[in-house]
Structures are given as C-alpha cells and as structure tokens.
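Asks: got a sequence here, can you build the structure:
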Amino acid sequence: MKKVVFCHGMPGSPSDAELLSKANPGIEAIALNLLNFDPKAIDADLCDAIDAALGETDGECVHVVGFSIGAMAAIKVAASRPNLVGRLTLISPAAPLFIGDFLPKMAGKPVFELAMKRPRILRLLTRLQSLLTRFFPETMVKLLFAKCGPTERVLLEDETFVSVMKKALSESFVQRPAAYLAFISAYVADWSETMSAVQCDVVLWHGTNDTWSPVEMSHSLKGVFGEKATINLVQGAEHYSTLVQAEL
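Replies: Numbering: from 1, shown residues only. Okay, the predicted model is just below:
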C-alpha cells in the first residue's frame, strides 16, 4: 500500500486524514500531529518525525500532503529537505497572506486579524472556544460551519465527518490551545520566502466555492511554483468537500 505523510489543518488533528480515504482507498496516510511540534522549527522537527515514522526509505522520496494551514508545514518540509520530498500535494491550501490580498475573502479573517493585531483577545476567544468544545461539541461544530454552503452541509450529515471535526476541535481548543495559537501566529507571519526552495512537483486541489481558503490562493501558489505546479479545481466544492474528493 502506498504511503503518504499528511499535515492536518488548524483547527485540526491527525483524524483529518480519515477524510482522505474516501477518494483514496489504496493510500495509507501517516498523519503526524502538528500540535506536538514548535511551528518555528517545524521543518526540522517534522523531517525527523517523518524519518522515524517511515524508517529506512532506501533512497525513495516521500509524498507529503498538506491540508489547509497544514500546507505551510508541508511546504516548509519540502523546502528544507528536497532530497526527502519527491512530491507535494496541497489540498485547500492556506497560502501565505503576504503573496496576495486574500484576507478580505477569508471566513477566518477575524481570527487572523486578531492574531496579527490583538493576540491577547485571540487567547480569550480560544478559551471560550475551548469551553464550548468541552461542554457543547455539537454546537461548536455548527458554529464553525454556520456560513457554509451546500457541499459542506452534506458532509455535516455524515457521522464520520462530524466525529472527525469533534476530534479536531478537541485537539486544538481543549487539549492543545497554546500549540494551536502558536500555529496561527506562525501562519499570519511572512513565511513566503520558504516557497522558493521547493524543488519537487506540486499538485494543488482547490474548491471553487472555498471561503476558508479562497481559490485565489492556489492560483497565487501556482504563480510562485511555476511550471512544476498543476491545479485541480473542484467545481462547487468548498474547504472540506475538496479534501474528501482530492485524489493522490
């Protein structure tokens, strides 16, 4: 069975990888918990974790998959270890905010603006999200998808998907809120220069109706990566509904 290394989103957990199986039944996703790593050293630490998880690769390159903000971790790994990463797949990728005017179109705009300008208020908001997730997880899931479109609403009728989302919220807001906040802060910083060091082929998957990571993000990433990148647009899909359709 083919193995890939999976970097989940934020909020998220390794359980996000379960959603990949819908379109990739023959793939084994090795999902590393990004919340266990310092985002400032994510490239080196993740590479060590990949080495440990895969063992001896006999010189074979690794296929790394990044979803949403997990794309930042995947890109940094590919940039720091071009001899290790032979293929990079980015699904609903959250591109660096410094390569385009994306923020006004992002559903997470209030969170990212707080991370940049009012981190103390963001910490208070995260505490509230932690309480809601701990005692009213179903309500928290509904709030997260309050403004979603029809393709995400279909997913909310799937018990497996709802279970994955509850795990994502619990891991990020209840168990590891400080690590979650550290990743959000790392994301809103300027990490765009990292992308120029990526040497492998890059495959982008993006839903045309994604409001969490606007589709313009993948177009901008394609512009940065150039000819080594290809885009697969999923018509009508949103954020998670692209994840369940992306083929590796």
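
Asks: for the chain, what spans make up the helices?
Replies: Remark: helices assigned in the chain by DSSP state H are 42-54, 70-80, 109-117, 119-135, 137-144, 150-155, 159-169, 177-188, 216-225, 239-243.

Asks: export those to TSV and append columns for mean neighbour count.
Replies: Placement of C-beta: from N, CA and C, glycine included. Compiled in TSV, the helices of the chain are given as follows (neighbours: other CB atoms under 10 Å):
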stretch	mean neighbour count
helix 42-54	17
helix 70-80	26
helix 109-117	16
helix 119-135	15
helix 137-144	16
helix 150-155	16
helix 159-169	19
helix 177-188	19
helix 216-225	19
helix 239-243	27
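
Asks: with distance to residue 23 and mean pLDDT as added columns, please give those in JSON lines.
Replies: Conversion of the helices of the chain to JSON lines gives the following (distance: least, CB to CB, whole Å; pLDDT from 0 to 100):
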{"stretch": "helix 42-54", "distance to residue 23": "23", "mean pLDDT": "78"}
{"stretch": "helix 70-80", "distance to residue 23": "17", "mean pLDDT": "94"}
{"stretch": "helix 109-117", "distance to residue 23": "29", "mean pLDDT": "97"}
{"stretch": "helix 119-135", "distance to residue 23": "28", "mean pLDDT": "97"}
{"stretch": "helix 137-144", "distance to residue 23": "22", "mean pLDDT": "95"}
{"stretch": "helix 150-155", "distance to residue 23": "13", "mean pLDDT": "96"}
{"stretch": "helix 159-169", "distance to residue 23": "14", "mean pLDDT": "97"}
{"stretch": "helix 177-188", "distance to residue 23": "26", "mean pLDDT": "96"}
{"stretch": "helix 216-225", "distance to residue 23": "18", "mean pLDDT": "97"}
{"stretch": "helix 239-243", "distance to residue 23": "9", "mean pLDDT": "98"}
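
Asks: what's the closest of the ones you listed to residue 25?
Replies: Closest of the helices of the chain to residue 25 is helix 159-169, at 14.1 Å (criterion: CB to CB).

Asks: neighbouring contacts of the closest one?
Replies: The contact list for helix 159-169, computed with CB atoms under 8 Å, 6 or more residues apart in numbering, reads 8-9, 11-13, 15-16, 18-19, 129, 133, 137-138, 140-141, 144, 155-156, 240, 244.

Asks: could you rerun that using 6 Å?
Replies: For helix 159-169, contacts defined as CB atoms under 6 Å, 6 or more residues apart in numbering pick out 11, 12, 13, 15, 18, 133, 137, 140, 141, 155.

Asks: same thing with stretch 22-37?
Replies: 1-6, 14, 17, 20, 45, 49, 53, 73, 176, 179, 244-245, 247-248.

Asks: which members of the residues you listed are positioned in strands?
Replies: For the contacts of stretch 22-37, the ones inside strands are 2, 3, 4, 5, 6, with DSSP state E as the criterion.

Asks: list the contacts for the first one?
Replies: By CB under 6 Å, 6+ apart, the contact set of residue 2 is residue 27.

Asks: across the sheet, point out what pairs with it.
Replies: For residue 2, the beta-bridge partners are residue 27 (DSSP bridges).
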